[in-house]
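K.L.:
predicted model, plus sequence, below.
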Amino acid sequence: MERVNWPGTIIIALCAITVLVPLYVTLSMAFKTQSQAVDGNAFSLPAPFSVDGFVTAWNLTNFPLAFTITTLVTAATVAGTILLAAVASFAIARNWDRRLFRWSFFYLLLAMFIPFPVLALPQIQLTGLAGLDNPVGVTILHIMFQMSFSVLLFTAFLRSIPLELEESARIDGASTWQAFWQLIFPLLAPMSATVGIFAFLASWNDFMMPSLIISDPSSQTLPVVQQIFQTQFSNNYNVSFASYLMAMAPAIIVYLFTQRWVMEGVTQGAVKG
């Protein structure tokens, strides 16, 4: 009979509680009426259930437009991050003996230690001068800031793929470009899923970058739109939590259905690299 690691189990349970309790309160408050939401009992169940908070939040924040902009920014970020990071990692992994590629890898890793707030002011100025103070500029910056971690994962995974596969493809007449897209890139599917999930979560939940870069309030993403209307939510807790829940739901759903690929991709990259 296996022994139970009680200290580890208790720690995991406490960590789970810190996530599940706020999520329960969010769900409970979102489906309450305004009078129930201000009765001081956040843990009580809605009685009766009400969707008035969702309707008000939907109309007040112009949710369809903000949701569409956020979805487009996130989708472009995921696609751009996967493609650029995969190509860059392939070049680095297959030319590791060359100093330029090796230094490029270390340069990208150093970028992981530079947070966006440090670069915020020059980024705001540059995007404004380039006419990119809009969701397109945010998408480009999201991709760039995801490159370091994504290249790290892809490079570790690529080192586990035998060179003999590419050599056999070249013997059959394939160019380097053809060998990558037709042979190597499909093999990167597990790691591409992992990179895509991290890029999705980072882009969807980002508040600081869109709030600083996008100059037009009508073109803002969901996290920023919620902040803009925060004063109108101040006394309507059911509207506030309904708005938060609508913004969180896509990220939660995506992660619940893809967490297996996240763990598998990170594990494969760590073990095989």
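P.N.:
Great, that's in hand.
K.L.:
the host helix or strand of Ser203: which residues count as buried?
P.N.:
According to DSSP states H and E, Ser203 maps onto helix 189-204. By 16 or more other CB atoms under 10 Å, the buried positions in helix 189-204 come out as 190-204. Yep, even glycine has a C-beta here, placed from its N, CA and C like the rest.
K.L.:
tell me the contacts of the spatially most central residue of the chain?
P.N.:
Centrality entry for the chain: nearest residue to the mean C-alpha point is Leu201, 2.0 Å, by CA atoms, centre = their mean. Contacts for Leu201 (CB atoms under 8 Å, 6 or more residues apart in numbering) come out as 251, 254-255.
K.L.:
hang on, the earlier thing: export the helix holding Ser203 to CSV, keeping only CA atoms.
P.N.:
C-alpha atoms of helix 189-204 as CSV (Å, rounded to 0.1, in the frame of the first residue of the first chain):
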residue,chain,number,x,y,z
ALA,A,189,2.6,19.7,-32.9
PRO,A,190,2.8,18.9,-29.1
MET,A,191,5.1,21.8,-28.4
SER,A,192,3.2,24.1,-30.7
ALA,A,193,0.1,23.4,-28.7
THR,A,194,1.9,24.2,-25.5
VAL,A,195,3.3,27.4,-26.9
GLY,A,196,0.0,28.4,-28.3
ILE,A,197,-1.8,27.9,-25.0
PHE,A,198,0.7,30.0,-23.1
ALA,A,199,0.5,32.7,-25.8
PHE,A,200,-3.3,32.6,-25.6
LEU,A,201,-3.5,33.0,-21.8
ALA,A,202,-0.9,35.8,-21.8
SER,A,203,-2.6,37.7,-24.6
TRP,A,204,-6.2,37.3,-23.5
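K.L.:
how far does it sit from its chain's centre?
P.N.:
6 Å (CA atoms, centre = their mean, to the nearest Å).
K.L.:
who's in contact with the helix or strand just after that helix?
P.N.:
Sequence-wise, the next helix or strand downstream of helix 189-204 (DSSP H and E) is helix 208-213. Outside helix 208-213, the residues within contact range by CB under 8 Å, 6+ apart are 73, 116-117, 120, 123-124, 127, 132-135, 137-138, 141-142, 145, 220-221, 223-224, 227.
K.L.:
now swap in stretch 238-255 and tell me
P.N.:
With CB under 8 Å, 6+ apart as the test, stretch 238-255 has contacts from 25-27, 29-34, 36-37, 50-54, 56-58, 60-61, 63, 67, 71, 197, 200-201, 204-205, 222-223, 226, 229-230, 233-234, 262.
K.L.:
ok, now stretch 67-79?
P.N.:
Contacts of stretch 67-79 (CB under 8 Å, 6+ apart): 135, 138-139, 142-143, 146, 196, 199-200, 202-204, 210, 219-222, 246, 250.
K.L.:
pull out the buried positions in it.
P.N.:
Quick answer for stretch 67-79 (16+ other CB under 10 Å): 67, 69-70, 73-74, 76-78.
K.L.:
thinking again about what came up before, buried ones among the contacts of Leu201?
P.N.:
Using 16+ other CB under 10 Å as the burial test, the contacts of Leu201 include 251, 254 as buried.
K.L.:
would you turn the contacts of Leu201 into JSON lines with pLDDT, secondary structure and distance to Pro7?
P.N.:
Rendered in JSON lines, the data for the contacts of Leu201 read as follows (pLDDT from 0 to 100; DSSP: H, G, I helix; E, B strand; the rest coil; distance: CB to CB, whole Å):
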{"residue": "Ala251", "pLDDT": "84", "secondary structure": "helix", "distance to Pro7": "31"}
{"residue": "Val254", "pLDDT": "82", "secondary structure": "helix", "distance to Pro7": "32"}
{"residue": "Tyr255", "pLDDT": "78", "secondary structure": "helix", "distance to Pro7": "27"}
